[in-house]
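Q: One predicted model, sequence on top.
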Amino acid sequence: MKRIRVGLLGFGTVGAGVFHALRSQEEIILRRTGAVFDIRSILVQNAAKERPAEVKPLITTDFRRVLKEEIQVVVEAIGGIEPARTYVEQAIEAGCHIVTANKELVAKHGVELERMARRNGVHFFYEASVGGGIPVLGTLIHFLKSNRIHRVSGILNGTTNYILTRMAEEAAPFEQVLEEARQKGYAEADPSADVDGFDAVYKLVILGRLAFEADISVSDVQREGIRDVTAVELAMARRLGYTVKLLAVGEQYGENGPISLGVEPALLPLPHPLASVNGVYNAIHLEGDMVQDVTLVGQGAGEQPTSSAVVEDLCNLSLLPSPMRSLKTEPLILPAAETGGRRFVCLETREHGVPEAKTLKSRLESIGLSVEETTVSPEGGAAFILRRWDPSYPSVLVAELGLDLARISVRRVFGTEAAAKNRSPEVGTAV
């Protein structure tokens, strides 16, 4: 039996979850790995805070004390950049393996920290930084070695997925559902990192780095959040056979080719594997040249799923090698495409004088727009899918349709026209 000495940085949701998981799962971990993980010290900011009796003797506010315990592994569960980055660097230099759930740290400084760990002969593992308990990084690193991954797409943030799900179910406005999410503990007091897309960007950077073997930075990802999504457009999208998700998409065009990366509210056809992922769940869809496509779904946050991923990294320290992939240091990153591609357009009006769906489609086609499907709402407003987009179209629509518009929403559409088979009966007909 090996006894591995662990230093735990942080005792919040993730840190406490790791502590309790190592105790509750000790027998099964020992049976499967031949090791016991012994937490020797826990670094916190406030030592006076009330904690369980078994934790109190381990508490310290001095990182130097953690290292003095002859720690072999440091579990970083502080979050953010500093002081987490400094502690991790010092631990690596002291010869400690690192396990972290810190997506922002890995997204912004993961490449340099991995190189530093390799130079010092230690592991830098971060499975819990993406997807909570979903083993997506391990899948990319260890189980798809023979594949060229050309596309990664995912629902990477449980807070925004919960909000969009509830807005669609209840026809409720964003602010109302956000407050509901706060009350249930799904959203922070300051929800900016989630609803403005930063959280999903960090996770996409990590996924893209592994999938495309490229040194991708946070600034390479185009970002748009969900604050301006309305219940009206969610209902209209559904009538056309689509759902709206905050979608993170990375794509590489040919081996060693250019890469596009973006996080934005977008439409998915209802048959798509990600379309039925609702509530706080996360999902990642991987597409490769041999495996074709793989979808992983699970709880993307919370004490147990995240601590599960951290503990799995601990168990794998002596079982799995560090990835040997080299990263292209200056990949060609494509800018966001403003033209081309399919778009969903939702027109919210101040009046009820919207033409019937078939009439609207004919009028749109008469001004040169290529329209897949249209739908109109009895409450006023219309929506349609255009096969090709140009930034000039909003002004064209305002001028040609003559409607008193309160709002125009434009969203990218992923998937194929097969979604039309799943549309509501009202599509393309008068209502």
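A: Thanks, I have it.
Q: Looking at the record's assignment, how would you partition this structure?
A: 2-125, 137-299, 343-422 (automatic domain parsing).
Q: Pipe these into a markdown table and attach distance to residue 313, mean pLDDT and mean neighbour count per row.
A: C-beta: built from backbone N, CA, C; applies to glycine. Output for these, formatted as a markdown table (distance: least, C-beta to C-beta, whole Å; pLDDT from 0 to 100; neighbours: other C-beta atoms under 10 Å):
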| stretch | distance to residue 313 | mean pLDDT | mean neighbour count |
| --- | --- | --- | --- |
| domain 2-125 | 4 | 96 | 18 |
| domain 137-299 | 9 | 95 | 20 |
| domain 343-422 | 32 | 86 | 17 |
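Q: so which of those gets nearest residue 326?
A: domain 137-299 (7.0 Å; C-beta to C-beta).
Q: Am I right that residue 334 is in contact with residue 257?
A: No: Residue 334 is beyond contact range of residue 257, at 9.6 Å (criterion: C-beta atoms under 8 Å).
Q: and the nearest residue to residue 96 once chain neighbours are set aside, what are its phi and psi?
A: Distances taken as C-beta to C-beta, 6 or more residues apart in numbering put residue 74 closest to residue 96, at 4.8 Å, once the chain neighbours are dropped. Per-residue torsions, residue 74: phi -110, psi 120 (degrees, to the nearest 10).
Q: now the one 4 residues further on
A: In this entry, residue 78 is assigned phi and psi values of phi -80, psi -50 (degrees, to the nearest 10).
Q: circling back: can you pull the contacts of the residue nearest to residue 96?
A: Residues in contact with residue 74 (C-beta atoms under 8 Å, 6 or more residues apart in numbering) are 6-7, 9, 66, 87-88, 91, 96-99.
Q: got a markdown table for those, with secondary structure and distance to residue 403 too?
A: What follows is these, written out as a markdown table (DSSP: H, G, I helix; E, B strand; the rest coil; distance: C-beta to C-beta, whole Å):
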| residue | secondary structure | distance to residue 403 |
| --- | --- | --- |
| 6 | strand | 63 |
| 7 | strand | 63 |
| 9 | strand | 57 |
| 66 | helix | 64 |
| 87 | helix | 58 |
| 88 | helix | 56 |
| 91 | helix | 61 |
| 96 | coil | 64 |
| 97 | strand | 62 |
| 98 | strand | 57 |
| 99 | strand | 56 |
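Q: who are the neighbours in contact with the spatially most central residue of the chain?
A: Among the residues of the chain, residue 156 comes closest to the average C-alpha position under C-alpha atoms, centre = their mean, at 1.9 Å. By C-beta under 8 Å, 6+ apart, the contact set of residue 156 is 130-131, 199-200, 203-204, 246, 248, 263, 282, 284, 300.
Q: do residue 66 as well
A: The neighbourhood of residue 66, defined by C-beta under 8 Å, 6+ apart, consists of 7, 9, 40-41, 43, 60, 74.
Q: that older thread, partner residues bridging the residue nearest to residue 96?
A: Beta-bridge pairing of residue 74, defined through DSSP bridges, involves residue 7, residue 98.
Q: From residue 127, how far out is it?
A: Separation of residue 74 from residue 127 (C-beta to C-beta, to the nearest Å) stands at 16 Å.
Q: Surely residue 7 and residue 69 touch.
A: Yes: if you go by C-beta under 8 Å, residue 7 and residue 69 touch, sitting 6.4 Å apart.
Q: quick one: common contacting residues for the two?
A: Common neighbours of residue 7 and residue 69, using C-beta under 8 Å, 6+ apart, are 40-41.
Q: which element is the residue lying closest to residue 367 once chain neighbours are set aside on?
A: Closest residue in space to residue 367, ignoring its immediate chain neighbours: residue 400 at 5.1 Å, by C-beta to C-beta, 6+ apart. Secondary structure from DSSP states H and E places residue 400 in helix 393-401.
Q: How about residues contacting that helix?
A: 345, 347, 363, 367, 369, 386, 405, 408, 410.
Q: quick one: the fourth one and residue 396, what's the gap?
A: Distance of residue 367 to residue 396, given as C-beta to C-beta: 7 Å.
Q: Helices along the stretch 201-350 of the chain, start to end?
A: Residue ranges of the helices in the stretch 201-350 of the chain, as given by DSSP state H, counting those that start in this stretch, are 231-239, 303-316.
Q: May I see the ones you listed arranged in TSV, with distance to residue 136 as well?
A: Output for the helices of the stretch 201-350 of the chain, formatted as TSV (distance: least, C-beta to C-beta, whole Å):
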stretch	distance to residue 136
helix 231-239	27
helix 303-316	10
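Q: Among those helices, which comes closest to residue 27?
A: Between residue 27 and the helices of the stretch 201-350 of the chain, the tightest spacing by C-beta to C-beta is seen for helix 303-316, at 13.2 Å.
Q: mind listing what's buried in that closest one?
A: Going by neighbour count (16 or more other C-beta atoms under 10 Å), the buried part of helix 303-316 is 303, 305-316.
Q: Great, nothing more from me.
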